[in-house]
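Peer 1: Next come a sequence and a model predicted from it.
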Amino acid sequence: MMKRVAILISGRGSNMTALVEAMKADDFPAEPVLILANRPDAGGLDYAKAEGLPTAVVDHTRFDTREAFDAAIHQELIAANADIVCLAGFMRLLTPGFVNKWTDRMINIHPSLLPKYPGLHTHQRAIDAGDAEAGCTVHYVVPEMDAGEIIGQSRVPIQPGDTADTLATRVIKVEHALYPACLAKATAQA
Ligand code: GAR
């Protein structure tokens, strides 16, 4: 049975685009049913609308508490009848109460080889540490940030002279291949 996928974004949404494009394949076991952004100006919303996909904005600045913000997101996910939630450059921390409602059904992409470099500025931290390689990880979301079970990882070399920007450009390419593959895997288990 086709799983119904909601994708949460905060910005340009290039991973969201990669997921939506991958789901167009006839044999992909999932379909996008909601693109939700926490910022009204998230660039990815334009692509989603052009694709004719349902979109929603839950603007975090309009909520007094994280719990109220997360409850509003949960309502949108329920209204869309989502089976699986993909965080794709969604830059808000989520409360345990919300995360626990989606155990084993919410996944995230993170731009490092977890467990290395949870949090922000991952590429600069990898360069500063003198690492030979960097990459990205897709994992199940648990209350602890960037800590859930790993579904898949992709690696790229760090080259001499790399900046956070040049490394990010190399990593984002493999993100776009990894995330759909991991969504297919998670879909089979959901
Ligand atoms: C991606 O590199 C993603 O891995 C990262 O933000 C970027 C979003 O780009 N996510 C995080 O840092 C999560 N903490 P996109 O909007 O083009 O997909």
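Peer 2: Now that the structure is in, tell me what you want to look at.

Peer 1: Quick check: residues of the protein near the ligand?
Peer 2: Proximity of the chain to the ligand is confined to 9, 11-15, 88-89, 109-111, 136, 172, 175 under the rule Cβ under 6 Å from any ligand atom. Heads up, the C-betas are built off the backbone N, CA and C, glycines and all.

Peer 1: Please convert the residues you listed to TSV, extending it with secondary structure and neighbour count.
Peer 2: Converted to TSV, those look like this (DSSP: H, G, I helix; E, B strand; the rest coil; neighbours: other Cβ atoms under 10 Å):
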residue	secondary structure	neighbour count
9	strand	28
11	coil	18
12	coil	14
13	coil	25
14	helix	19
15	helix	27
88	coil	26
89	coil	22
109	strand	25
110	strand	22
111	coil	23
136	strand	27
172	helix	17
175	helix	22
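
Peer 1: helix or strand for the spatially closest residue to residue 152 that is not a sequence neighbour, which one?
Peer 2: Excluding its sequence neighbours, the residue lying closest to residue 152 (Cβ to Cβ, 6 or more residues apart in numbering) is residue 182, at 4.4 Å. Assigned by DSSP states H and E, residue 182 belongs to helix 164-189.

Peer 1: now that helix: how far from the chain's centre is it?
Peer 2: Taking Cα atoms, centre = their mean, to the nearest Å, one finds the center of helix 164-189 at 9 Å from the center of the full chain.
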